[in-house]
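Novice: what follows is a predicted protein model with its sequence.
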Amino acid sequence: MSPRSPREISVLVPPDLAPLYPDDPSRIGPYLVLGRLGQGATGTVYAAVDVSSSTASDRLVAVKVLRSPELESPDAYPALEKRLRALSNVNSKRVVVPLAFDTDANPPWLSMPYLAGERLSHYVTKRGGLGTGKLIALATGLAEGLSVLHARGVAHGSLRPSEVLLESHGPHIMDCAVAASPDRMRGLGATWLSPERFRGGAATPASDVFAWGAIVAFAGTGRLPFGPGEPEEIAERAANGAFDLSGLSKGLLPVVGRALAPDADGRPSLREVIGAVIAVWQSEHDDEGAPAGGAPTGRDELTRILEREWHAVEPPARVPEVIRLEGRMSNRRPTRALLVAGSAAIALALVGAGVWGVSQLLGPSDEEALVADASEEEPEAASPSADDAPRTLVARFDPADQEDLAEGPWVYTPVDRDDEPIRGQGLPSHSAWAEQWDEAGEPAEATIAPDAEVLCAKFCAAPDHVFLDEEGRGTWELTGNDFVDYLSWGPVVIVEVTFADEEPGEGPREIVQITELYTD
């Protein structure tokens, strides 16, 4: 065997790493770029190699190129550098902090440790609410991470379930570099936005406490604490304190309810939050030698809770790959004006939501690709009959049209369109997207097989994210039961449905495959 070239190194990379686009950089700062991990409203995240590392397991990092509306003004860059410097000094296992950054690069970037896991939004959407032990571990971990950020003068400002990564050692708070403006947060997730932030206020520790309460409520119940609806409807419920915590662990009800108080002054401090949550845990574990309620709530106790209650979210095993040390360097930003001109054209596509640790964001798996390929085949011709109904069609499901949300049958309306969806213009709301489709038939009823194959794009998956292939078809895999549950709370959705391979009869036809259609 010939010796390896000194210009080659071995790196452990994620399986099925998404390839680079033609205009993606091959180098960012000192890092050699390998592939894409995700793209979101604040930029694109790449898997990259730290060539200075001496071991293959430590060489992989996540490098995020920052592009967002908040950075369109040259005045934003001094504040960005100050925020990144403060984040670099955060010492917490619960916050993903920068390893290095360059705010003078064009565009600016930061590197972070590579973490493999699953976003809280995905985890709860697929599995439902967390058990009490794991929920307490999540609540304390998030509160600790926020308290460390606040000690450095940084309010997260954009905390949502999609910004919480669950991995084998516990939860981690991500995407701290750029706090979303209230306008952008209204579109991304009004549920997590405190009333004062919704009115245009700045990010504060109190607004982070509100987000903490909403996330813990969602994680513990599997439901949105203020229910579904348009941003203004959710904001009105939040301003009136009209939250629903039914099903949440009884011990957590008081502190979560206080965290969701409409008035910022009525919310507890994070020190109170941590103390209250630890007291709940201690009350359930006094017989195991835990300190009595009211004992000091130090970091050792937080670590003890995580070690005792957290169950690993195991990531897929990384695979070795030999990398050649070559590639072009990214440019420097010659002037602020150049960046302002380029930033005006940025589309706020949320594919992957900028999270680098989730295997689902690395593109559809082989199994998902097979499902997508199968759904793109020509529809099978139905047996000749008087009805001659197509086996596959595009339909609109409106939860408001359903008479029996639990048992069905479920009403759908065939739709089509004469034009192609316009891409790269930002994400349309559910109502705007549904209005682009014309009715192509009378409403009809169908049953939905409990084990039907469902591939979601946005609304029936997690409302904060988008899961699309190149043709605008969903890739997030759920079941018929999940879709039926969605119809009890979700907005209008446009889907391609495939019926069972049988001749139409007098009763409702059975749907065996559903693929949501959407656009970026």
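Specialist: Here it is on my side, so go on. Residues are numbered from 1 along each chain as shown.
Novice: could you list the low-pLDDT ranges of this structure?
Specialist: Where the chain drops to pLDDT under 70, the residues are 1-7, 53-58, 187-188, 286-299, 312, 325-389, 424-425, 461-464, 502-505.
Novice: domain map for it?
Specialist: With domains defined by automatic domain parsing, the chain comprises 1-116+319-363, 117-314, 364-516.
Novice: CSV please, covering the ones you listed and showing mean neighbour count.
Specialist: C-betas here are computed from N, CA, C, even on glycine. Formatted as CSV, the domains of the chain follow (neighbours: other CB atoms under 10 Å):
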stretch, mean neighbour count
domain 1-116+319-363, 17
domain 117-314, 20
domain 364-516, 17
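Novice: just after the longest strand belonging to the chain, pick out the following helix or strand.
Specialist: If you go by DSSP state E, the chain has its longest strand at strand 444-456. Remark: after strand 444-456, the chain's next helix or strand is strand 476-479, criterion DSSP states H and E.
Novice: after the helix or strand where residue 189 lies, which helix or strand is next?
Specialist: Element membership for residue 189 (DSSP H and E) is helix 182-189. Scanning forward in sequence from helix 182-189 by DSSP H and E, the next helix or strand is helix 195-198.
Novice: and that following helix, how far out from the chain middle?
Specialist: Counting by CA atoms, centre = their mean, to the nearest Å, helix 195-198 is centred 22 Å from the centre of its parent chain.
Novice: got it, and stretch 409-417?
Specialist: So, by CA atoms, centre = their mean, the centroid of stretch 409-417 is 28 Å from its chain's centroid.
Novice: format the CA atom coordinates belonging to that stretch as CSV.
Specialist: Extracted in CSV, the C-alpha atoms of stretch 409-417 (Å, rounded to 0.1, in the frame of the first residue of the first chain):
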residue,chain,number,x,y,z
PRO,A,409,-64.2,10.3,6.9
TRP,A,410,-62.2,13.3,6.0
VAL,A,411,-63.3,15.9,3.4
TYR,A,412,-60.9,17.0,0.7
THR,A,413,-61.2,19.2,-2.4
PRO,A,414,-59.3,18.4,-5.7
VAL,A,415,-57.1,21.3,-6.8
ASP,A,416,-54.7,22.1,-9.6
ARG,A,417,-52.8,25.0,-11.1
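Novice: so where do the helices sit in this protein?
Specialist: Using DSSP state H, the helices of the chain run over residues 76-88, 120-127, 132-151, 182-189, 195-198, 205-221, 231-239, 253-259, 270-285, 299-309, 336-343, 366-375, 430-435, 480-486.
Novice: what are the contacting residues of the fifth one?
Specialist: By that I understand helix 195-198. 157, 182, 185-186, 190, 203-204, 206-207, 210, 231, 235, 238-239, 262, 264 (CB atoms under 8 Å, 6 or more residues apart in numbering).
Novice: just name the closest of the residues you listed to residue 224, please.
Specialist: Distances from residue 224 to the contacts of helix 195-198, taken as CB to CB, are shortest for residue 190 (9.8 Å).
Novice: which residues sit in contact with the closest one?
Specialist: Here residue 190 is in contact with 198, 231, 232, 234, 235, 238 (CB under 8 Å, 6+ apart).
Novice: where's the fourth one relative to residue 253, distance?
Specialist: Spelled out, it's residue 234. Plainly put, residue 234 is 21 Å away from residue 253 if you go by CB to CB, to the nearest Å.
Novice: which one is residue 517 nearest to, not counting chain neighbours?
Specialist: Spatial nearest neighbour of residue 517, chain neighbours left out: residue 494 (5.0 Å); criterion: CB to CB, 6 or more residues apart in numbering.
Novice: who is that neighbour paired with across the strands?
Specialist: On the basis of DSSP bridges, residue 494 is bridged to residue 396.
Novice: thinking it is in contact with residue 437, fair?
Specialist: Yes. Residue 494 lies in contact with residue 437 (CB atoms under 8 Å); the separation is 5.7 Å.
Novice: so what sits against both of those two?
Specialist: Residues touching both residue 494 and residue 437 (CB under 8 Å, 6+ apart) are 394, 396, 415.
Novice: tell me the spacing between residue 99 and residue 148.
Specialist: Distance, residue 99 to residue 148, using CB to CB: 17 Å.
Novice: one step back: OK, contacts around the residue nearest to residue 517?
Specialist: With contacts defined as CB under 8 Å, 6+ apart, residue 494 is in contact with 394, 395, 396, 415, 433, 434, 437, 516, 517, 518.
Novice: just put those in TSV and tack on distance to residue 221.
Specialist: Output for the contacts of residue 494, formatted as TSV (distance: CB to CB, whole Å):
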residue	distance to residue 221
394	33
395	30
396	29
415	33
433	28
434	28
437	33
516	24
517	30
518	27
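Novice: from residue 514, how far off is residue 497?
Specialist: Separation of residue 497 from residue 514 (CB to CB) stands at 5 Å.
Novice: what's the overlap in contacts for the two?
Specialist: In contact with both residue 497 and residue 514: no residue, using CB under 8 Å, 6+ apart.
Novice: now the contacts of residue 190 in a markdown table, with distance to residue 443?
Specialist: Below are the contacts of residue 190 laid out as a markdown table (distance: CB to CB, whole Å):
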| residue | distance to residue 443 |
| --- | --- |
| 198 | 36 |
| 231 | 29 |
| 232 | 29 |
| 234 | 29 |
| 235 | 32 |
| 238 | 35 |
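Novice: kindly indicate which of the residues you listed lies nearest residue 82.
Specialist: Closest to residue 82, out of all of those and judged by CB to CB, is residue 198, at 25.9 Å.
Novice: and that closest one, how far from residue 160?
Specialist: 14 Å.
Novice: got it, and residue 51?
Specialist: 34 Å.
Novice: next: residue 264.
Specialist: 19 Å.
Novice: my guess is residue 475 meets residue 457, correct?
Specialist: Yes. If you go by CB under 8 Å, residue 475 and residue 457 touch, sitting 7.5 Å apart.
Novice: overlap of the contact sets of the two?
Specialist: 467, 468.
Novice: ok, so of the contacts of residue 190, who is nearest residue 470?
Specialist: residue 231 (29.6 Å).
Novice: ok, that closest one to residue 221 distance?
Specialist: 21 Å.
Novice: now residue 82
Specialist: Going from residue 82 to residue 221 by CB to CB gives 38 Å.
Novice: mind listing what residue 240 touches?
Specialist: Per CB under 8 Å, 6+ apart, neighbours of residue 240: residue 262.
Novice: need the phi and psi values for it.
Specialist: Note on residue 240: backbone dihedrals following degrees, to the nearest 10 are phi -100, psi 0.
Novice: cool, residue 106 as well?
Specialist: The phi and psi values for residue 106, taken as degrees, to the nearest 10, are phi -120, psi 100.
Novice: state the distance from it to residue 66.
Specialist: 11 Å.
Novice: with residue 45 instead?
Specialist: 10 Å.
Novice: alright, I will stop here.
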